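Q: sequence and predicted structure are below.
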Amino acid sequence: MNRYWLVPALVLGALVVVALDQESGLRSWLSLRESLRDSRTQVGWLEGELGRLRRDGSDLVSDPLAVERTIREELGLARPGEVVVLFPDSASPTY
């Protein structure tokens, strides 16, 4: 009797059980892999943001005009005779 088909059949059966089992490590592993990918994307974005903030901080320390520009932008202030024009934020919905 030829029993060479028994090993592949057992392996295939085990794979089917693991793939369909809700509590198996395979589903947890796939979920963790997706979470890791999302976390790496977020870390990349945060590293870019950190670089931008470091540049802004360095500008604020070394450039007096950067301090004035930042204060004017954040507080909406203007010098005498200037007019402040505010544009609606495109990210926030307008009702």
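A: Cool, got the structure.

Q: could I get the pLDDT score of Asn2?
A: pLDDT, Asn2: 69.

Q: now do Arg72
A: Model confidence at Arg72, expressed as pLDDT, equals 84.

Q: tell me the SS of it?
A: Judged by DSSP: H, G, I helix; E, B strand; the rest coil, the three-state class of Arg72 is helix.

Q: in this structure it contacts Ala78, no?
A: Yes: with contacts counted by Cβ atoms under 8 Å, Arg72 reaches Ala78, the gap being 6.9 Å. C-beta: built from backbone N, CA, C; applies to glycine.

Q: who has more neighbours, those two?
A: Between Arg72 and Ala78, counted using other Cβ atoms under 10 Å, the more crowded position is Arg72 (14 against 11).

Q: neighbours around Asp59, how many?
A: Counted with other Cβ under 10 Å, Asp59 comes out at 14.

Q: how about the closest residue to it other than its chain neighbours, what does it touch?
A: Once flanking residues are discounted, Asp59 sits nearest to Ala66: 4.1 Å by Cβ to Cβ, 6 or more residues apart in numbering. For Ala66, the contacting residues are 56, 59-60, by Cβ atoms under 8 Å, 6 or more residues apart in numbering.

Q: give me the element the residue nearest to Ser24 when sequence neighbours are not counted is part of.
A: Nearest residue to Ser24 in three dimensions, chain neighbours excluded: Val18, at 4.9 Å (Cβ to Cβ, 6+ apart). Using DSSP states H and E, Val18 falls within helix 6-20.

Q: again, but for Arg69
A: helix 64-75.

Q: in that helix, what counts as buried?
A: Using 16 or more other Cβ atoms under 10 Å as the test for burial, helix 64-75 gives no buried residues.

Q: wait, doesn't the residue nearest to Ser24 sit right on Leu26?
A: Yes: assessed by Cβ under 8 Å, Val18 is found in contact with Leu26 at 5.1 Å.
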